[in-house]
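1. Give me the fold of what follows.
(one chain, ligands or ions: 1)
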Amino acid sequence: MQKDIATPVRTRAILEKYGFSFKKSLGQNFLIDTNILKRIVDHAELTEESAAIEIGPGIGALTEQLARRSKKVVAFEIDQRLLPILQETLAPYPNTTVIHEDVLKADVLGMVEKELQGIDDIMVVANLPYYVTTPIIMKLLEEKLPIRGIVCMLQKEVADRISAKPGTKDYGSLSIAIQYYTEAETVMVVPKTVFIPQPNVDSAVIRLTKRKEPAVSVKDEPFFFQVIRASFAQRRKTLLNNLTSHLPEGKQKKEVILAALEQAEIEPGRRGETLSIEEFARLSESLYPIFK
Ligand code: SAM
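-> Numbering: from 1, shown residues only. Presented below is the predicted three-dimensional model:
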């Protein structure tokens, strides 16, 4: 078997050979602990028939572990300077493809249709660039890709918000947006010492398992999310006050909103953070005829 890329000695040697300097603006914190990488891959539960989509392969530390445990890996990397490095480090793994593109601009569905035809089980696995974790995850979920789920490393603080339950301080519109599409859990907390350079914040790995259908069924998804954002606009305010001030102008009279809350059987004095996703769905359905 090939020597692992993700040891401190080999990583430093590769970086030195190519004179590579880290770009903070691209969230470049590379993993140098093979054990952690293997555990991340374990959480993806890949088989020899699976494919993995990776965002930001860096010098290929995670890509290599994925390539050993799956049929095919496709990785999106924005930084051109990493391409010659990846060409060398991934040469022993012909089942890997690197695409030089900003994943936020990429046609990921088009890539799946072209590169992963005939593969039924697809997971996204990544150590995400921390400056864009939420937009990347939301893009992958909103585009309704044929994936089983996402296992990714990100800031622990964001992981806590994503997997938070109602009634906790971390629960908010991000928790609901992600739990609408997936079952979310934090599966690992990771120390700063396993990266070079070390990030300023603690890290965690989350596993998002896509639901067959969204958690609740609503008439109008954008309106549902608008109601949620309005409900959390000022966390210390009541639902009634937040909805009155933050839903669109026009018919936002307190009495109408009060009636909608009553119809949804939700106490107007509650705070947004106490509502379950089902309660938000009920609320959105009773506000819908008023605002739409
Ligand atoms: N996977 C490697 C590892 O674990 O060592 C590197 C992870 S590093 C945290 C994030 C990687 O994402 C970097 O290689 C960076 O260049 C890349 N990246 C940053 N923004 C990106 C974007 N918008 N699209 C694709 N790759 C991106």
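
2. what about whatever residue of the chain ends up closest to the ligand, neighbour count?
-> Closest approach between the chain and the ligand, counting by Cβ to the nearest ligand atom: Gly56, at 2.0 Å. From N, CA and C alone the C-beta is placed, and that goes for glycine too. Neighbour count of Gly56, defined by other Cβ atoms under 10 Å: 24.

3. separation between Lys38 and Ala281?
-> Separation of Lys38 from Ala281 (Cβ to Cβ, to the nearest Å) stands at 39 Å.

4. ditto for Pro222
-> Distance of Pro222 to Ala281, computed by Cβ to Cβ: 14 Å.

5. what do you get for Ala67?
-> In terms of Cβ to Cβ, Ala67 sits 41 Å off from Ala281.

6. which other helices and strands contact the top helix by length along the chain?
-> Assignment by DSSP state H gives helix 277-291 as the longest helix of the chain. Helix 277-291 sits against helix 173-181, helix 221-231, helix 254-263, with contacts defined as 3 or more Cβ pairs under 8 Å, 6 or more residues apart in numbering; DSSP states H and E.

7. repeat that for 10 Å
-> helix 173-181, helix 221-231, helix 239-246, helix 254-263 (3 or more Cβ pairs under 10 Å, 6 or more residues apart in numbering; DSSP states H and E).

8. That helix to helix 221-231, inter-axis angle?
-> 100 degrees (axes from the mean of the first three to the mean of the last three Cα atoms, to 10 degrees).

9. buried sites along helix 277-291?
-> Residues 277, 279-288, 291 are the ones in helix 277-291 that count as buried (16 or more other Cβ atoms under 10 Å).

10. Tell me which two of the residues you listed sit farthest apart.
-> Ile277 and Phe291 (19.7 Å; Cβ to Cβ).

11. pLDDT score for the residue nearest in space to the middle of the chain?
-> Taking Cα atoms, centre = their mean, the centroid of the chain lies closest to Ile137, which sits 3.0 Å from it. Confidence at Ile137, expressed as pLDDT, is 98.

12. Look at it and tell me its secondary structure.
-> Taking DSSP: H, G, I helix; E, B strand; the rest coil as the rule, one finds Ile137 in the helix state.

13. which ones are touching it?
-> Remark: with contacts taken as Cβ atoms under 10 Å, 6 or more residues apart in numbering, Ile137 is in contact with 55, 124, 126, 128, 150, 152, 154, 158, 162, 174, 177-178, 181-182, 184, 206, 208.

14. In the sheet, which residues pair with the residue lying closest to Glu101 once chain neighbours are set aside? Tell me.
-> Sequence neighbours aside, Phe76 is the residue nearest to Glu101 in space, at 5.4 Å (criterion: Cβ to Cβ, 6 or more residues apart in numbering). Beta-bridge partners for Phe76, by DSSP bridges, are Ile55, Ile99.

15. Phe76 contacts Val112, doesn't it?
-> No: in this structure, Phe76 is not within contact of Val112 by Cβ atoms under 10 Å, at 12.0 Å.

16. Now list whatever residues contact both of these two.
-> Ile53.

17. More neighbours: these two, which one.
-> Phe76 (23 against 19).

18. What distance do you get for that one to Asp102?
-> Noted for Phe76: a distance of 8 Å to Asp102, by Cβ to Cβ.

19. Lys72 too?
-> Taken as Cβ to Cβ, the span from Lys72 to Asp102 is 22 Å.

20. my guess is Glu48 contacts Ser70, does it?
-> Yes: with contact defined as Cβ under 10 Å, Glu48 reaches Ser70; the gap is 7.1 Å.

21. in the stretch 101-250 of the chain, which ranges drop under the pLDDT threshold?
-> Low-confidence segments of the stretch 101-250 of the chain (pLDDT under 70): 249-250.
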